[in-house]
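Participant: predicted model and sequence below, questions to follow.
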Amino acid sequence: MLRKKIHAQIQPSCVSLSFFPHPSVICSFRGAVPQGLVLELGETVQILEKCEGKCFSLLQGIFPANYIHLKKAIVSNRGQYETVVPLEDSVVTEVTATLQEWAVLWKQLYVVRHKVDLFYKLRHVMNELIDLRRQLLSGHLTQDQVREVKRHLTVRLDWGNEHLGLDLVPRKDFEVVDSDQISVSDLYKMVRNLWEIPLRPPHLHYRRPYGCAVLSIMDVLQSITEIKEEKDFVLKVYTCNNENEWCQIHENIIRKSSTKYTAPSSNYGLIISLQLLRGDMEQVRRENPMIFNRGVSVTRKLGFPDVIMPGDIRNDLYLTLEKGDFERGGKSVQKNIEVTMYVLYADGEILKDCISLGSGEPSRSAYHSFVLYHNNSPRWGEIIKLPIPIDRFRGSHLRFEFRHCSTKDKGEKKLFGFAFTPLMRDDGTTLSDDIHELYVYKCDENSTFNNHALYLGLPCCKEDYNGCPNIPSSLIFQRSTKESFSVSTQLSSTKLTQNVDLLALLKWKAYPDRVMDILGRLRHVSGEEIVKFLQDILDTLFVVLDDNTEKYGLLVFQSLVFIINLLRDSKYFHFRPVMDTYIQKHFAGALAYKELIRCLKWYMDRSAELVRQDHIQEAMRALEYLFKFIVQSRILYSRATCGMEEEQFRSSIQELFQSIRFVLSLDSRSSETLIFTQAALLNSFPAIFDELLQMFTVQEVAEFVRGTLGSMPSTVHIGQSMDVVKLQSIARTVDSRLFSFSESRRILLPVVLHHIHLHLRQQKELLICSGILSSIFSIIKTSSLEGDVVEEVEMMVESLLDVLLQTLLTIMSKSQSQEANFSFGQQGEYVSCLLSLLRQMSDTHFQHLLDNFQSKDELKEFLLKIFCVFRNLMKMSVFPRDWMVWNSYFSLAVLFINQPSLQLENATPAKRKKILDKYGDMRVMMAYELFSMW
């Protein structure tokens, strides 16, 4: 057997330090072989011999060689007390040894000592140590990163040793001090200094402005729009040349005012990674779960999003620390001013965790501003979010304390003044979105704020002072008239408002004598406030309606109409889904439909009497959502009462449609106001079909619509604008879901064809009529694939065929005049309509058509019309006018290529060579010409 010692022999004349292989066990070995040595993961052994993949250790045993890993080590003090130290970072070695020691004690915490809390804390620290050790061994860290990792490691090592009752060791630069390599005096000083550290005055931290980096979002979007992965962006950090202009440094960087900032170093910057995720928040969370598992913080928009859905509750007050103007106070130089802000409740308690300095940052109870050096007029521009609970908002106030941070007096901060402001005014409204200049009151470190009532009775600003005429001259806190402090606020709340009229509506029960005035003043509330509190306003309106329908019914109806029409504005149009969601999921007015129908009918019945019809026209424009509320209210009532009063509801709808037909039947030629009312009604009318289909059958709704469309005047001389509105309403009816049902289409088709026939006969609004006919023919064609449309085609033949032919003849005659360009498009539309009708006709339809002629003269006239139309169509050239020129050119080219004299294959070799040498193959050249011209 070949044996080989793998450790170096040490001669007596050598020093007692040598490099030595340091085997570490990388896989446990049970030793289930003769002379086998049991090994545990992480143990170290000393190998004496190696033979055929087996090693022999000093611990008297053999083991497989591939179960260990050899590392270089240093052997010191050779002999009986020699020490083997691996050639690796001493902190790594310490962590390894400590984890092995803790592993035993950690289990005892749970099993023996029953310290469960420390058990879980220690497990967390051990996992952190393993992760930090892995980072240190990776070899990819910079020197600064290595120092930071070592600092974290030693802090956790000392924490664990202290809580486990183990020895704490002195350190120097994060490494354990070797007592053999340092004098006893130095070791004593190190330990003594540890005990002296707590006796020193605490080190006070100031926030100081350092640098600013700016990234253009436009550049980001252009570069990552098509990239799905993260992309790194390097932001260069700049410092401000004049500290007094610090609040504007980002604007100066954007404007490239390079004289006002400098870069500390050419390679100094900040690297951020950005990734563009598309979709709403729920979709993004669902499609990118790994991103959110990493603890990504979600930042809400400063202000409200484009759409505020019901149930989206928010109450954030954004406060911007603007500026201050302070006196020197007898000092030769200006002050270093720090502002400390607290949020306090009505009882003087400081609200915990109600101040947020940024998304992802832990909330805190106090805010400290940064300090500008020797500046009595600091400008901060810092934005702080105050996520104050709604139930704590009323009665709370903000207190700002001003301190001078001395650079000489042991770094102490001296209080010299304060300011405050309540979050809500006496009338119940919150701080307005504006800049507030607050009074500054004098105080010192001996002043106490335990009794907050001592200063809450003082005016906080000029507006507050005007409301406190009788202020005693002898006060504990005197106002500093030459000093001021300004903040600006922006409230993003779905529960708190800054509008007095809106607040009065939401709290209407507190003003029972003013309800009618409060409802009337809703029109003075801005649209932004209304859409922000849309659900609360609607809930309040229907509660008021239920409280006294007879007294408040008409005012509530007017307010509801005002809100619905507000959402028709393009600025708030995207809030219509919010209204839909409210009606389907949050609306609870089960009795509201009765009053809504009554008020709507009352308005329509008065349309013939009033000269001014502004309110009536507004109600007509709001017809779609009024019917949504009516139908949903009836559904809720039916659920609650198992369908009671069904006949009364149907009767009321019948009466309402009688009023609608009455409005449309009025002669509006002498009343421009009535024309606008009828136009508003016709514009809104097709939008109510889907709502009616929830409560009535298809045939019943079709009868409602037929009666309504049939009530419109048959004449086409009521005015061009009214003709257009009427046909547009018919067009939307044809395009509606109601018209897609064959049962309803058979009911509606006669009245629709009647109005189209009238306009075609008079040659009015031909373009709109052709669009309606195209839609009808498209629906008929689709329906013919699924069912029988014989009856509908018969209606169309009887009503349209003759007038279509006459219309086409008129258009064709105009095409010969100067209106050719205009009539050409119409001609194509009506030709397609005629062909669509003829294709839908069966032999039976043609036979019925012939049978309906009363005399041969009528048949002759019809045949002349149709033959004339088709003769004119046949006359139309299919090709452009220059087609003959190109046709002759290409024919000539083909003849040239095929002429016998150019067929060189038939010539003798000598002749062929002579022609090719002198002219080339002319057939090829002509072929290229033919190809290029084609």
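Facilitator: Happy to help now that I have it. Residues are numbered from 1 along each chain as shown.
Participant: now residue 231. Nearest residue, chain neighbours left out?
Facilitator: Nearest-residue entry for residue 231: residue 224, 5.2 Å, with adjacent residues in sequence omitted and distances by Cβ to Cβ, 6 or more residues apart in numbering. In short, each C-beta sits where N, CA and C put it, glycine included.
Participant: can you tell me how far the one you found is from residue 230?
Facilitator: 9 Å (Cβ to Cβ, to the nearest Å).
Participant: which residues does residue 604 contact?
Facilitator: By Cβ atoms under 8 Å, 6 or more residues apart in numbering, the residues touching residue 604 are 616, 656, 659-660, 662-663.
Participant: just residue 691 next, same as before
Facilitator: Contacts of residue 691 by Cβ under 8 Å, 6+ apart are 624, 627-628, 630-631.
Participant: just the buried residues of stretch 551-569, please?
Facilitator: For stretch 551-569, burial by neighbour count (16 or more other Cβ atoms under 10 Å) applies to 552-567.
Participant: what do you get for stretch 320-327?
Facilitator: Those buried within stretch 320-327 under the rule 16+ other Cβ under 10 Å are 321-324, 326-327.
Participant: what do you get for stretch 394-414?
Facilitator: 396-405, 413.
Participant: closest to residue 253 out of those?
Facilitator: Nearest to residue 253, judged by Cβ to Cβ, of the buried residues of stretch 394-414 is residue 405 at 27.5 Å.
Participant: test my guess that that closest one contacts residue 371.
Facilitator: Yes. With contacts counted by Cβ atoms under 8 Å, residue 405 reaches residue 371, the gap being 5.4 Å.
Participant: so of the contacts of residue 604, which ones are in helices?
Facilitator: 616, 656, 659-660, 662-663 (DSSP state H).
Participant: residues touching the nearest residue to residue 555 once chain neighbours are set aside, list them.
Facilitator: The shortest distance from residue 555 to any non-neighbouring residue, by Cβ to Cβ, 6+ apart, is to residue 519 (4.2 Å). With contact taken as Cβ under 8 Å, 6+ apart, residue 519 is in contact with 505, 544, 552, 555-556, 558-559.
Participant: now the two most distant members of those residues.
Facilitator: Taking Cβ to Cβ, no two of the contacts of residue 519 sit farther apart than 505 and 558, at 13.4 Å.
Participant: sorry, back to before: which strand or helix spans the residue nearest to residue 555?
Facilitator: helix 515-520 (DSSP states H and E).
Participant: now that helix: buried residues?
Facilitator: Those would be 515, 518-519, for helix 515-520 by 16+ other Cβ under 10 Å.
Participant: can you name the next helix or strand after it?
Facilitator: Helix 515-520 is succeeded, C-terminally, by helix 527-532 (DSSP H and E).
Participant: I'd like the distance between the residue nearest to residue 555 and residue 505.
Facilitator: Taken as Cβ to Cβ, the span from residue 519 to residue 505 is 7 Å.
Participant: follow-up on the earlier one: between the buried residues of stretch 320-327, which sits nearest residue 840?
Facilitator: Out of these, the member with the shortest distance to residue 840 (by Cβ to Cβ) is residue 322, at 74.4 Å.
Participant: I'd say the closest one and residue 488 touch.
Facilitator: Yes. Contact criterion Cβ under 8 Å: residue 322 and residue 488 qualify, at 5.6 Å.
Participant: what do those two both touch?
Facilitator: residue 435.
Participant: picking that back up, tabulate the contacts of residue 604 (a markdown table), appending neighbour count and pLDDT.
Facilitator: Shown next, in a markdown table, are these (neighbours: other Cβ atoms under 10 Å; pLDDT from 0 to 100):
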| residue | neighbour count | pLDDT |
| --- | --- | --- |
| 616 | 24 | 90 |
| 656 | 19 | 94 |
| 659 | 18 | 92 |
| 660 | 22 | 92 |
| 662 | 15 | 91 |
| 663 | 24 | 90 |
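Participant: nothing else from me, thank you.
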